[in-house]
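Novice: Pasted the sequence and its predicted model underneath.
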Amino acid sequence: MDADFFVAWIEEAARSVRDRKDELTRLDAAIGDADHGSNLDRGFTEAVKALGDRRPGTPGAVLALVGNTLIRKVGGASGPLYGTAFREAGKALGEAPEVSAGDLAGALAAGVDAVRRLGSAAEGDKTMVDALAPAAEALAEAVRAAPESPGAAVAEGRGPAGALEAAAAAALKGAQATIPMQARKGRASYLGPRSVGHQDPGAASAALIVRALCTVAAR
Amino acid sequence: MDADFFVAWIEEAARSVRDRKDELTRLDAAIGDADHGSNLDRGFTEAVKALGDRRPGTPGAVLALVGNTLIRKVGGASGPLYGTAFREAGKALGEAPEVSAGDLAGALAAGVDAVRRLGSAAEGDKTMVDALAPAAEALAEAVRAAPESPGAAVAEGRGPAGALEAAAAAALKGAQATIPMQARKGRASYLGPRSVGHQDPGAASAALIVRALCTVAAR
Amino acid sequence: MKKLINGAGSVVTDALRGIAAAHPGLRVDPENRIVLRASGPRPGKVALVSGGGSGHEPLHGGFVGYGMLDAACPGEVFTSPVPDQVIEASTAAHGGAGVLHVVKNYTGDVLNFRMAAELCAEEGLEVASVLVDDDVAVLDSLHTAGRRGTGATVFVEKIAGALAETGAPLAEVARVAREVNARSRSFGVALSACTAPAAGKPTFELSEAEVELGIGIHGEPGRSRSAMRGARELAGAAVEAIDEDQPVSGDVLVMLNGMGGTPLIELYVAFAEVAGHLADRGARVVRSLVGNYVTSLDMQGFSVTVCHLTDELTRLWDAPVETPALRWGR
Amino acid sequence: MKKLINGAGSVVTDALRGIAAAHPGLRVDPENRIVLRASGPRPGKVALVSGGGSGHEPLHGGFVGYGMLDAACPGEVFTSPVPDQVIEASTAAHGGAGVLHVVKNYTGDVLNFRMAAELCAEEGLEVASVLVDDDVAVLDSLHTAGRRGTGATVFVEKIAGALAETGAPLAEVARVAREVNARSRSFGVALSACTAPAAGKPTFELSEAEVELGIGIHGEPGRSRSAMRGARELAGAAVEAIDEDQPVSGDVLVMLNGMGGTPLIELYVAFAEVAGHLADRGARVVRSLVGNYVTSLDMQGFSVTVCHLTDELTRLWDAPVETPALRWGR
Ligand SMILES: Nc1ncnc2c1ncn2[C@@H]1O[C@H](COP(=O)(O)OP(=O)(O)O)[C@@H](O)[C@H]1O
Ligand SMILES: Nc1ncnc2c1ncn2[C@@H]1O[C@H](COP(=O)(O)OP(=O)(O)O)[C@@H](O)[C@H]1O
Ligand SMILES: [Mg+2]
Ligand SMILES: [Mg+2]
Ligand SMILES: [Mg+2]
Ligand SMILES: [Mg+2]
């Protein structure tokens, strides 16, 4: 996977966020402040623009630019959190012009760790971590199960695309699992028990973003 | 008709205004500021209280007290207008302990004239004058047609009660005739052509007050 | 429409208690319903007295204080005060140099203040009156009660109040008050109707797609209903109506006034557009107010008031003022 | 819900243009979205910088000026500003004596200000931060993001701003800011939800018979829903919640804050009740603010903030201030 692949991912994520913008905002209206959809839409739109302007040459540079753009353009809680996640993921990919599924798994793990640290959030707190962490684990697991042999693995559905499918499914499951949780981080925590019964908007957007990765890999 | 008759009139008017308070307010909401019902209710309630406290001994004194109370308690346009009408009507009755239907007709005419002067309003301007003026004329007319011979006149239905019935009917007709008018005085005039199609609240309350006179006379 | 009140019957008295508790610079007499300066009348100074229905807060009680009003008399919601209040206020505020009544042009206000002025005169109190009638939405013809008094009231009270503070005689204070009124024009737009506590429901119904143009400050409908548009177009409609009546030019004082239910962020959006439209017409906004000054309960919407300044008016506008709602220079 | 705007996308920039047009004492940079004092940084004075999502006007831009903030950075509606804005504002406001960031305790504000502070520090700018977290409706436990910052922000900015104006060093200014926060508690009540322009509909639904108790300033629902009651009872609920957390006593500064859609007459009614409840508990309201200071777009409702004063805090509260939304003494 090269820089173009990662650019394509961000473009796909941007499309998907735009398509689901109102739904994300609606989720945020229920237990937050009704801006998550516009926040991410603004951020990913700017990220795509920045990528088009600067055309970074490596996967690491792509993610770094995305992370910085999100930090510079989103604001709110999700801006620094997603921004830092992309920046740390980019850092993990180093300066290689091509990366493997294993590298990607490592990058995703690094990104999730960054969110955990910055937001002091653990799984079960009803945040984006609840979608991102299982996705990172599923990806690492799939990669461990099918070590790098692109041809065969892809044929069996366990290559990058198959592994990413597992990650996307895990993210979605994780996002849905936030519904019964009581929030302990972010704005939703102010609601106490009244936060139960609603999906966390950040977990929902995280599932979309991981799904976009899988969509692009399956092309 | 003595002071008690006039006190009974005001009590009946107060009851009637209270009963129709919401309707008067609704009429005022359509082309004014939605306070005519509460204004008159407050005023007549206070007038009844003042009459109870002070028990004036002549018809003229009753009306003067009512007028002063309305001026002191109502505010708005209707306070000074109705207040002055009652004061001038009271003045016209002088200090006589008993007054005739003819005296009453003269008093009503004096009251209407006072409203006309104070409000610079003519018939057709869509104000209380459009109910009061025809009532005063009808009363004067009925009295002219059946000069003071209480027994006979009452039997024919043309005594005080009959004459007052004519006045009340004229007031109601006058009030309803304000519906198609375009207002030229008061708040409703701000609406220009949009004031057409609504009954003037002051004309409606005037019809109630004249009707109360008739109700009491018919007892 | 929910209201933060104890009951429709006590809202004016309850609010007066709040005003008394909030502003030690005021002396509130809830019994007689008058609001005075705590410092009492200043001998030799013309006293400014104003009043009108409640529901327009901070008008008028919020403008009592140094450099502005000496007394205010709030009536029931949207109902002009009774003469007794005006007489009481005038007597209490009188500093021996006469009293100026600032009266908004509504039949009720005019009649009640006139009666009060006559009775004051009988008592030997010198009273002059100035009528504020700045609302261009009302055709000023023999076929109406004349123009309504709205936003310009704030300008009249501020500027005449500043002149009174200098010890100017009654005739002079009345002269400048009339001049401010003559040089001011207003126009209002409603996005929603207001709900009077006693009525319990909105005075008119507006769909999501409509606005009322040319509304007053008592919940009455406007001159016309029109399609809802953006802030730029609505501001344009207001500026155009004003400009048609009194062409805007030169240095102007502008108030972008909220009707009570519109948040400040939106008022700033509208003010930017008003300033733009005025500049397009060659006028220069040299002084301004943006906020809720002459409200109509919880109505959503705004009004624009433009006053053509002279050097004297600018100087008096800039003079110190210390009231709950307007304060600078001290 | 109609809005007086040109479009959801431009509301913050459009409002900033209005703020710029209305307040010559401010320098507004709509590009970078920062609001500064027109007079520029004062050498040797600690600079106060605050910011947060838009939709809370006059917070924060309306508190920029002598005796209060040096700069404000408004984010999108209800969205904390980005680090670039904070860095830009801090750099522009810096007078060589360090910068105090006044940060309301929300994850977004905390993270963005923290990132900005780190980057400022890397550039050699001395930055201290004070976190405002006064809202007693939120349980302050490990199971939440901690208490929200609401009304006390105004007190912190005013009082710390007054101290900064005296030339006090950064540590001192930060100390007094933290003290004000520690001595302040707030509680809010909503009669209706607000509508964010981008969302287009209310964030929650409330029937005519219900209120939300313990709401924040971002349209989020409160801790609980309860039956609609009169102003006296609702004010009582707010005072009680505050008193339970930090018993009210002695001399207090009280803000009766409107959420944006509630008219002033109702805020005065509520303030009278708050003052009464506080008196019943033995506290004395010696300073107060009644009006729209920390709003939540067009939400109807109010919040109460109580600050336990010390002589120092009272003196600093009384010190001159000259901002669009708070002005006295000059
Ligand atoms: N401390 C945290 N750790 C991890 N994620 C968080 C934290 N706080 C908030 N979030 C995530 O951010 C999302 C909200 O993002 P957004 O609505 O854009 O920001 P804001 O809450 O500032 O309005 C939440 O749904 C949650 O997933
Ligand atoms: N100039 C006037 N002359 C006669 N009647 C008037 C005049 N102005 C108003 N009215 C009457 O007063 C009524 C309104 O009374 P009310 O609602 O109590 O006062 P306000 O208009 O001050 O709210 C109108 O319906 C009209 O009948
Ligand atoms: Mg949000
Ligand atoms: Mg009326
Ligand atoms: Mg009225
Ligand atoms: Mg937000």
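Specialist: All right, it came through fine. Ligands and ions are numbered 1, 2, ... in the order given.

Novice: tell me which parts of chain A are close to ligand 1?
Specialist: A:28, A:32-33, A:35-36, A:39, A:76-78, A:81, A:115, A:119, A:121, A:127-129, A:185-187, A:200-203 (Cβ under 6 Å from any ligand atom). Heads up, the C-betas are built off the backbone N, CA and C, glycines and all.

Novice: Please flag which of those sit within helices.
Specialist: A:28, A:36, A:39, A:78, A:81, A:115, A:119, A:129, A:201-203 (DSSP state H).

Novice: Name the nearest of the residues you listed relative to C:Thr144.
Specialist: Nearest to C:Thr144, judged by Cβ to Cβ, of these is A:Asp28 at 50.7 Å.

Novice: need the helix or strand of the chain with the lowest average pLDDT.
Specialist: Just going to use chain A. Lowest by mean pLDDT, DSSP states H and E among the helices and strands of chain A is helix A:150-155, with a mean of 45.

Novice: that's the wrong chain, I wanted chain C
Specialist: strand C:224-227 (a mean of 93).

Novice: Who are the packing partners of it?
Specialist: strand C:210-213 (3 or more Cβ pairs under 8 Å, 6 or more residues apart in numbering or on different chains; DSSP states H and E).

Novice: Are the strand it packs on and chain D in contact anywhere?
Specialist: Yes. Using Cβ under 8 Å from any Cβ of the partner chain, strand C:210-213 comes into contact with chain D via C:Val211.

Novice: Kindly provide the whole-number mean pLDDT of that strand.
Specialist: Strand C:210-213 comes out with an average pLDDT of 96.

Novice: Same check on stretch A:62-71?
Specialist: Stretch A:62-71 comes out at a mean pLDDT of 98.

Novice: I'd like the distance from it to the chain centre, please.
Specialist: 13 Å (Cα atoms, centre = their mean, to the nearest Å).

Novice: and that stretch, anywhere near chain D?
Specialist: Yes. Counting by Cβ under 8 Å from any Cβ, chain D has neighbours in stretch A:62-71: A:Ile71.

Novice: tell me the contacts of A:Pro201?
Specialist: A:24-25, A:27-28, A:31-32, A:36-37 (Cβ atoms under 8 Å, 6 or more residues apart in numbering or on different chains).

Novice: And A:Ala121, by the same measure?
Specialist: So A:Ala121 contacts A:115, A:127, A:129, A:184-185 (Cβ under 8 Å, 6+ apart).

Novice: make it 7 Å
Specialist: Contacts for A:Ala121 were tallied using Cβ atoms under 7 Å, 6 or more residues apart in numbering or on different chains; they are A:115, A:127, A:129, A:185.

Novice: For the residue in the stretch 51-200 of chain C that chain A sits nearest to, give me its contacts.
Specialist: The nearest approach of the stretch 51-200 of chain C to chain A comes at C:Leu191, 20.5 Å away (Cβ to the nearest Cβ). Residues near C:Leu191 by Cβ under 7 Å, 6+ apart: C:211, C:300-301, D:2, D:4.

Novice: Any quick PyMOL command for the buried ones out of these?
Specialist: Here is the PyMOL command that selects only those of the contacts of C:Leu191 that count as buried (16 or more other Cβ atoms under 10 Å in any protein chain shown):
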select buried, (chain C and resi 211+300+301) or (chain D and resi 2+4)
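
Novice: Make CSV out of the contacts of C:Leu191 and add distance to ligand 5 and secondary structure.
Specialist: Below are those laid out as CSV (distance: Cβ to the ion, whole Å; DSSP: H, G, I helix; E, B strand; the rest coil):
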residue, distance to ligand 5, secondary structure
C:Val211, 24, strand
C:Gln300, 21, coil
C:Gly301, 19, strand
D:Lys2, 26, coil
D:Leu4, 27, coil
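
Novice: Low-confidence stretches in the chain?
Specialist: Since no chain was named, I'll use chain A. Confidence mapping of chain A against pLDDT under 70 gives the ranges A:147-159.

Novice: nope, chain C please
Specialist: Short version for chain C, where the test is pLDDT under 70: C:142.

Novice: Strands of that one, start to end?
Specialist: Ranges of strands in chain C, per DSSP state E, are C:26-29, C:34-37, C:47-54, C:71-77, C:99-104, C:127-132, C:184-190, C:210-213, C:224-227, C:250-258, C:283-291, C:301-308, C:321-322, C:327-328.

Novice: Any buried residues in the first one, and which?
Specialist: The neighbour-count check on strand C:26-29 (16+ other Cβ under 10 Å) flags C:26-29 as buried.

Novice: And for the second one?
Specialist: Neighbour-count burial for strand C:34-37, with 16+ other Cβ under 10 Å as criterion, is recorded at C:34-37.

Novice: Just give me how far the helix or strand A:Glu141 falls within sits from the chain centre.
Specialist: Taking DSSP states H and E as the definition, one finds A:Glu141 inside helix A:129-145. Here helix A:129-145 shows a centroid-to-chain-centroid distance of 12 Å under the convention Cα atoms, centre = their mean.
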